[in-house]
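1. What follows is a predicted structure for the sequence shown.
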Number of protein chains: 4
Amino acid sequence: MSAPREALAGRRLRLGMVGGGQGGFIGAIHRYAARLDDEYELVAAALSSDAERALESGRALRLDPQRLYTDFRDMASREAARPDGIDVVSIVVPNHLHHAVASAFLEAGIHVMCDKPLTTTLKDGLRLRELAERHDCLFGLTHNYSGYPLVRAARELVEAGELGEIRIVQVEYAQDWLARPIEDSGDRQAAWRTDPALAGPAGCLGDIGSHAAHLAEYVTGMTPSEISADLSSLVAGRRLDDHVQMQLRYANGARGMLWASQVASGEENGLRLRVYGARASLRWQQETPNELWLSVQGEPARRLTRGMRGLPAAAGAASRLPPGHPEGFIEAFAQLYRDFAHDVRAHQAGQAGLAGARRVPGLDAGIRGLQLISAALASQRANAGWVALPR
Amino acid sequence: MSAPREALAGRRLRLGMVGGGQGGFIGAIHRYAARLDDEYELVAAALSSDAERALESGRALRLDPQRLYTDFRDMASREAARPDGIDVVSIVVPNHLHHAVASAFLEAGIHVMCDKPLTTTLKDGLRLRELAERHDCLFGLTHNYSGYPLVRAARELVEAGELGEIRIVQVEYAQDWLARPIEDSGDRQAAWRTDPALAGPAGCLGDIGSHAAHLAEYVTGMTPSEISADLSSLVAGRRLDDHVQMQLRYANGARGMLWASQVASGEENGLRLRVYGARASLRWQQETPNELWLSVQGEPARRLTRGMRGLPAAAGAASRLPPGHPEGFIEAFAQLYRDFAHDVRAHQAGQAGLAGARRVPGLDAGIRGLQLISAALASQRANAGWVALPR
Amino acid sequence: MSAPREALAGRRLRLGMVGGGQGGFIGAIHRYAARLDDEYELVAAALSSDAERALESGRALRLDPQRLYTDFRDMASREAARPDGIDVVSIVVPNHLHHAVASAFLEAGIHVMCDKPLTTTLKDGLRLRELAERHDCLFGLTHNYSGYPLVRAARELVEAGELGEIRIVQVEYAQDWLARPIEDSGDRQAAWRTDPALAGPAGCLGDIGSHAAHLAEYVTGMTPSEISADLSSLVAGRRLDDHVQMQLRYANGARGMLWASQVASGEENGLRLRVYGARASLRWQQETPNELWLSVQGEPARRLTRGMRGLPAAAGAASRLPPGHPEGFIEAFAQLYRDFAHDVRAHQAGQAGLAGARRVPGLDAGIRGLQLISAALASQRANAGWVALPR
Amino acid sequence: MSAPREALAGRRLRLGMVGGGQGGFIGAIHRYAARLDDEYELVAAALSSDAERALESGRALRLDPQRLYTDFRDMASREAARPDGIDVVSIVVPNHLHHAVASAFLEAGIHVMCDKPLTTTLKDGLRLRELAERHDCLFGLTHNYSGYPLVRAARELVEAGELGEIRIVQVEYAQDWLARPIEDSGDRQAAWRTDPALAGPAGCLGDIGSHAAHLAEYVTGMTPSEISADLSSLVAGRRLDDHVQMQLRYANGARGMLWASQVASGEENGLRLRVYGARASLRWQQETPNELWLSVQGEPARRLTRGMRGLPAAAGAASRLPPGHPEGFIEAFAQLYRDFAHDVRAHQAGQAGLAGARRVPGLDAGIRGLQLISAALASQRANAGWVALPR
Ligand SMILES: NC(=O)c1ccc[n+]([C@@H]2O[C@H](COP(=O)([O-])OP(=O)(O)OC[C@H]3O[C@@H](n4cnc5c(N)ncnc54)[C@H](O)[C@@H]3O)[C@@H](O)[C@H]2O)c1
Ligand SMILES: NC(=O)c1ccc[n+]([C@@H]2O[C@H](COP(=O)([O-])OP(=O)(O)OC[C@H]3O[C@@H](n4cnc5c(N)ncnc54)[C@H](O)[C@@H]3O)[C@@H](O)[C@H]2O)c1
Ligand SMILES: NC(=O)c1ccc[n+]([C@@H]2O[C@H](COP(=O)([O-])OP(=O)(O)OC[C@H]3O[C@@H](n4cnc5c(N)ncnc54)[C@H](O)[C@@H]3O)[C@@H](O)[C@H]2O)c1
Ligand SMILES: NC(=O)c1ccc[n+]([C@@H]2O[C@H](COP(=O)([O-])OP(=O)(O)OC[C@H]3O[C@@H](n4cnc5c(N)ncnc54)[C@H](O)[C@@H]3O)[C@@H](O)[C@H]2O)c1
């Protein structure tokens, strides 16, 4: 049972966090992101599976020791019981725990900001959607690349028909940090990501392939109707895929390719999208996110820059600086938090929060992501044959 | 029967050309290429299927009217009969004629420099190989991108093991000039390329997919062991594919993707290759051909430039200018002509000409290209299922 | 007289701000920067010269109304008197007020983080140095580009001798937002920047030329020994320079050029530095700040990326993300705040805080900047003749 | 006295060459350039100051031994006397000989294509102009960068007013091949270039500064009205400047900077031009010559590519390939030869040849170049004070 929550107007949202203790990666980014626009105040946390580390990490963050938990279920129930309990929880634990943690907080009536992939099975994902509906909670999924202003500009340009009918989608996410079997020598992030019990059945595919797929979907507004996928473990002995390539077909006849790899020597975070329409194409890559290329057939390619005049409104709304001053990963991540705060306020105020809902990827996007993973695994089992996705 | 040919030492090779009349595209490039290094003298030609245009084109080139032909068979036999007849013929006619023209000259004992794709059927390609062997003729195939110095550097770096075991090949060739159905409004180059009777059964695949495949093979030294291909005609009503995507598997377990499109709005001649090995990767694109990127995992990416010290020897040998002065398409094309001249001289001198043979792609490369096309068409018929390539 | 201040250990620094009200530019950036690393808590402010706007702006920031001031002197004395008064004040008002505001807070014993240029006259700058010393206050000057990790890497590479003896410095900062006389049509930022009474005697030179000069000095560790400067107002009727070019000579014989312009059509925030030594050169530009080019003569240029292994330690310390995830302007700005917090804590703890002092530009850098401005104005009066800088 | 020359119509121009023997640099490029468009036939030469090398070099080029000379004066008179004598001579000897060689051929009534800088003294340059007029000869000066299609496009865009009134010119040419004193260890090209007796009084300034100045002038149509120049020898002991920087002022109030260096470690052939007008700016660099950037204030930067539709006509006329297929240094050089051939034909046909004359830089450009050098040397003597250029 959750205590009645104070009105949000005139105050920051109270944020809790599960995961993200010392030595963890993405939790710290969520904290930067939540802090940047001053819409949240971190007040409670269960930061680690290790009790000692959880408390030590919380002290370093100057959190109230009363609100440092060593068990996330405990945290969910006690926070729900406080009149000044958290409004939102950030979930930044390994994949296999997303479902359990999210369920605990949804059941406690607390809005959820969860990292991807949504869960490790489609069934779990569908259950979370039910729970969120039942408890009237908002659910954000940090497909953070959709927070980049020029990704939003791209989406609007596609929507506005600037590209004409979409014909070709080329998306890829290439890294090299798993080019060697570092899971065998104690790298924490590598260890769980290559262990099916913790990462789920998809390795690279779930970890970054999911980002690539979401980016393509977010910008084009289209989900493939069928795919053919070839997953590999290019590092010998690895238990999950570290490299995935897919062919995509869309209902309108468009074609596409998706490539994700964590063993592509020399690549850092090469998330790149190209979308070609009958009239023009768009090109964006996250390593240089402040430029977006629009190439109309027969005209000079145009370099759109973040913050410049004349961009679609959504890009401006997601931007903090004048053009020429680079924004980056943290700002894009913060954008999802800013949008989510807006949604949560609108929700409490009894508004539909539609605009925001449209911006922060949520359960539907997460479920489509899981469907893609399922289909890819099915295709893999069928020697990369075509597998249809649910409509 | 061919007349005994004068010794080549101390003189230019005598070159003939079939195709390449006024209004034609690649014939003029072959002429630039043959001229650049002063190793050839164009002395005879059958420049067009249209007799009037053939003669008019020849006059504009200041050729001896006696050696302007309106029929390529006539040209082959008459040139073979002259003591000062041509040493080499360049074949720059639409695909469906490659076989007939090449046969005529091979049978006349004349060396052939033919444009790609080798022929429109695998059978024809195999026949040309027989003929060339029978008549002891050299045969060059202008997969001209292999003439770029940095492509040669790439090949040598791979051979030297700089990349480690190859894991991933990403190759693409994207254009947009067929983004609209310009074959319907009189564009000559488009007209034959979209007509199966003239282009053969593969459209974009044969036209530029063949270049992409060759580039990947040339640099990596590996041919896929099986492929899965999805060919499309993204412009409605087009009779041949204008877009092709493939998944590649190699015998050593490596994976790859090939994309070729002539309807990718905003692309000019985007031939791009990336090869990733266990240790490092290479990146090259022909629109900026004077740089080659070598990225060793964990080290800063290195920008190798054409002409710089320390490059593999083959790159220097294919280069004409100091670093920082750009070379381009014509120079790369000329390189094949220069190498072929070297081979022809070595051949006449009774040497094997191995070094040269190794540089200029020839019948074997052409036949592998045709095998790839056959396999892709078979895969296409099998809904993009995997098809093995001959070893 | 200031009240004894609480120990800093275990709590955030309490921050005040003068300037930065609604409609202002850089104040908001300072707030992002102070917030990012959770080292500061904004608790008091005099946000605008307009009382109404000052209060309204403070309410929007959810500040305690008790600590919203309409007069900065009032704020200085009242905050100094509180036991929970501010530890640090950020000064983000137009140039002509820097001296008065900084003086007020220094006299109240409050550490200062001031934006550039330090003051509008050299005399005022020197006075601030005296005051800071007398009151034992730290003083940071937000030459924020020095907060970029790769700028710090560049500095360390130079220090380590990687470039060899420095020979050539090329630095520029080009913008175009003043390409038209927008000060005449109500643009606030333009209005004061083109008014000598508010901006001081240097327009573009003080505004962004000062950043370019600081960047060059910060990386090379060298200040020019003499300069020749040509200042212009390329927009007719403008009262201050909007374009400045300089030749630089250094004591070791090195040469350089500095260019700053606010009327360079098509430029956004083109701050670019190139430093050439006898062995190698460095290149960095703030619009793509996550890469730094190191080009050793005769070797391939190397692209160093933020966050990568093997960079100088200072770069890592100023970095928050893995390589390939872009950081930007806000993170670099935040770095100065993070370093300043470190310095303030060390200062209170009675440590010299040297490491930090070395990172955050301060009064000495500010004074050298003013000396450069003075010399440039003197050179301008002497028809761009050479003018020596104080050693 | 020259023999009457055969009509040019229907045949190639007969070309002679002075300089360019084995081991020489630019002579070989002139030969590529003359050959590419099939407008010239090299038939006579005095290739080296060393008689043996002159003959050996000529044999390697398969020239008629009768027309291999060991003395350029001899060549001029004997070629002039032949009915089939050369129409044009290319002069590719070190600077100190340009005047003597050019004079010999002009006096023989032979058109001249001479490399830069025109001569080593202004007086000599003026004399050549007189001679050329007296003997009714055409004179081309190979400021070859003006042969790039996109440099021509840039010029036309400026002329058409696309940039608005020009405000700022930034031009530079940076190399590093003289970063060490290689003239002391036998490098031929370095040896004469650093010897005032052979190179003339300007080192880097004459060698590449002249190219930078010409490029700026060619594109903007403006010559500086006054300059201030700082020349240095950054390599100890070097007798001529290896680094030059200049400030430029133009009659219309525009400002500019010119930088040329041969000791800028890491630079290959970094010739770069940026021109800013009141409305827009242009950016071009020769290392990637197939793109030209046009940035209109407030609009996305546009990447114009060589060969694309919609470029100014002059660019198309200077282009040989479709867009996306790179052209380079040789093609640009060839363009001057092609234009010069056009001029020579028009001249013989009694036409003014104005269009061509406008394209190939000639004596006027050469003389302006020498005036700039004189002014720079004068400025240098006056401690980089301003020196006016003749109008
Ligand atoms: N959006 C993105 O770009 C992005 C990037 C990286 C990771 N992720 C996702 O974020 C999640 C975390 O990844 P990571 O790289 O930060 O992993 P990590 O291993 O670095 O951090 C996981 C953290 O969870 C904590 N934890 C584990 N079990 C816990 C429990 N029962 N209670 C409390 N804390 C517990 C660990 O102690 C650790 O601090 C994953 O789902 C991953 O897919 C997303
Ligand atoms: N290597 C490359 O990069 C490249 C580029 C373009 C074309 N190609 C290949 O070159 C060939 C020609 O292509 P294109 O674009 O120049 O085509 P095109 O249509 O422009 O030119 C073909 C020429 O062949 C002539 N021709 C046709 N039938 C003839 C006959 N019976 N006798 C003599 N001449 C005849 C035509 O008159 C025309 O001049 C094709 O095989 C194509 O695949 C290769
Ligand atoms: N480091 C950088 O990159 C950078 C960038 C921009 C500006 N700046 C510097 O920051 C300073 C501010 O520039 P800006 O562009 O933000 O100007 P601005 O005009 O946008 O903002 C100035 C603010 O100061 C307030 N102000 C003026 N007088 C005041 C007073 N007496 N008391 C309280 N507030 C007062 C104004 O109301 C306004 O909110 C300048 O010195 C400028 O040079 C630095
Ligand atoms: N346009 C350009 O981009 C460019 C580039 C390089 C050089 N150049 C110019 O070209 C000229 C030659 O430069 P280079 O680098 O080729 O020099 P180089 O030293 O490589 O070649 C000079 C050649 O001139 C020959 N020579 C000298 N004296 C001679 C004589 N009396 N008779 C006949 N031959 C003689 C030498 O034997 C040698 O072959 C210079 O004026 C230089 O400024 C222009």
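-> Thanks, I have the structure now. Ligands and ions are numbered 1, 2, ... in the order given.

2. Would you mind measuring from A:A278 to B:Y40?
-> According to C-beta to C-beta, to the nearest Å, A:A278 and B:Y40 sit 43 Å apart. From N, CA and C alone the C-beta is placed, and that goes for glycine too.

3. For the two, indicate the residue with more neighbours.
-> Neighbours of A:A278 and B:Y40, each counted by other C-beta atoms under 10 Å in any protein chain shown, are more numerous for B:Y40; the result is 27 against 16.

4. thought that one was touching B:H111?
-> No. Between B:Y40 and B:H111 there is no contact under C-beta atoms under 8 Å: 11.4 Å.

5. Show the pLDDT at whatever residue of the stretch 151-300 of chain A ends up closest to ligand 4.
-> Proximity of the stretch 151-300 of chain A to ligand 4 (C-beta to the nearest ligand atom) peaks at A:P300, 28.5 Å away. A:P300 is assigned 98 on the pLDDT scale.

6. mind checking how far stretch A:52-72 is from the chain centre?
-> Distance, stretch centre to chain centre, for stretch A:52-72: 25 Å (C-alpha atoms, centre = their mean, to the nearest Å).

7. Quick one: mean pLDDT for it?
-> Stretch A:52-72 shows a mean pLDDT of 97 in the predicted model.

8. So which residues make contact with it?
-> A:18, A:20-23, A:31, A:42-48, A:51, A:75, A:78-79, A:100-101, A:104-105, C:10-12, C:38 (C-beta atoms under 8 Å, 6 or more residues apart in numbering or on different chains).

9. Give the PyMOL command for selecting the buried subset of those.
-> Here is the PyMOL selection string for the buried members of the contacts of stretch A:52-72, based on 16 or more other C-beta atoms under 10 Å in any protein chain shown:
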select buried, (chain A and resi 18+20+21+22+31+42+43+44+45+46+47+48+75+78+79+101+104+105) or (chain C and resi 12+38)
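
10. Just the ones in strands from the contacts of stretch A:52-72, please.
-> Of the positions in those, A:V18, A:L42, A:V43, A:A44, A:A45, A:A46 sit in strands, assigned by DSSP state E.

11. Closest one to A:Y148 out of these, please.
-> A:L42 (23.9 Å; C-beta to C-beta).

12. for the nearest residue to the closest one once chain neighbours are set aside, helix, strand, or coil?
-> Closest residue in space to A:L42, ignoring its immediate chain neighbours: A:L15 at 4.9 Å, by C-beta to C-beta, 6 or more residues apart in numbering or on different chains. Look at A:L15: counting by DSSP: H, G, I helix; E, B strand; the rest coil, its state is strand.

13. For A:A153, which non-adjacent residue is closest in space?
-> Per C-beta to C-beta, 6+ apart, closest to A:A153 is A:A315, 3.7 Å.

14. For that neighbour, list the residues it contacts.
-> Going by C-beta under 8 Å, 6+ apart, A:A315 touches A:P149, A:L150, A:R152, A:A153, A:E156, A:R306.

15. does it count as helix, strand or coil?
-> helix.

16. Check the spacing between it and A:L304 real quick.
-> On the measure of C-beta to C-beta, A:A315 and A:L304 end up 9 Å apart.

17. hey, what's in contact with both of these two?
-> Residues touching both A:A315 and A:L304 (C-beta under 8 Å, 6+ apart) are A:L150, A:A153.

18. picking up where we left off before, which neighbours do B:Y40 and B:H111 have in common?
-> Overlap of the contact sets of B:Y40 and B:H111 (by C-beta under 8 Å, 6+ apart) consists of B:V88.

19. Wait, the residue of the stretch 151-300 of chain A closest to ligand 4 touches D:P300, no?
-> No. In this structure A:P300 lies outside contact range of D:P300 using C-beta under 8 Å: 9.5 Å.

20. picking that back up, as a markdown table, the contacts of A:A315 with secondary structure and distance to A:P326 would be great.
-> Shown next, in a markdown table, are those (DSSP: H, G, I helix; E, B strand; the rest coil; distance: C-beta to C-beta, whole Å):
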| residue | secondary structure | distance to A:P326 |
| --- | --- | --- |
| A:P149 | helix | 11 |
| A:L150 | helix | 12 |
| A:R152 | helix | 17 |
| A:A153 | helix | 16 |
| A:E156 | helix | 21 |
| A:R306 | coil | 8 |
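
21. Residue numbers of the stretch 201-350 of chain A in contact with chain D?
-> A:L294, A:G298, A:E299, A:P300, A:A301, A:R302, A:R303, A:L304, A:T305, A:M308, A:R309, A:G310 (C-beta under 8 Å from any C-beta of the partner chain).

22. Narrow those to those that are buried.
-> With neighbours counted using 16+ other C-beta under 10 Å, these contain these buried positions: A:L294, A:G298, A:P300, A:A301, A:R302, A:R303, A:L304, A:T305, A:M308.

23. Which of the residues you listed fall in strands?
-> The strands, defined by DSSP E, take in A:L294, A:A301, A:R302, A:R303, A:L304, A:T305 from those.

24. residue contacts, A:A341?
-> Contact analysis of A:A341 by C-beta under 8 Å, 6+ apart lists A:L13, A:D37, A:E39, A:Y40.

25. In contact with A:G206, which residues?
-> Here A:G206 is in contact with A:N95, A:P117, A:T120, A:A199, A:G200, A:I373 (C-beta under 8 Å, 6+ apart).

26. change it to 10 Å
-> A:95, A:116-118, A:120, A:193, A:199-200, A:240-241, A:244, A:260, A:369-370, A:372-373, A:376 (C-beta atoms under 10 Å, 6 or more residues apart in numbering or on different chains).

27. would it count as being in a strand?
-> No. Assigned with three-state DSSP, A:G206 falls outside any strand and is helix.

28. nearest residue to it other than its sequence neighbours?
-> A:P117 (4.5 Å).

29. residues near that neighbour, how many?
-> 26.

30. what's the helix or strand for it?
-> A:P117 is part of no helix or strand, with elements assigned from DSSP states H and E.
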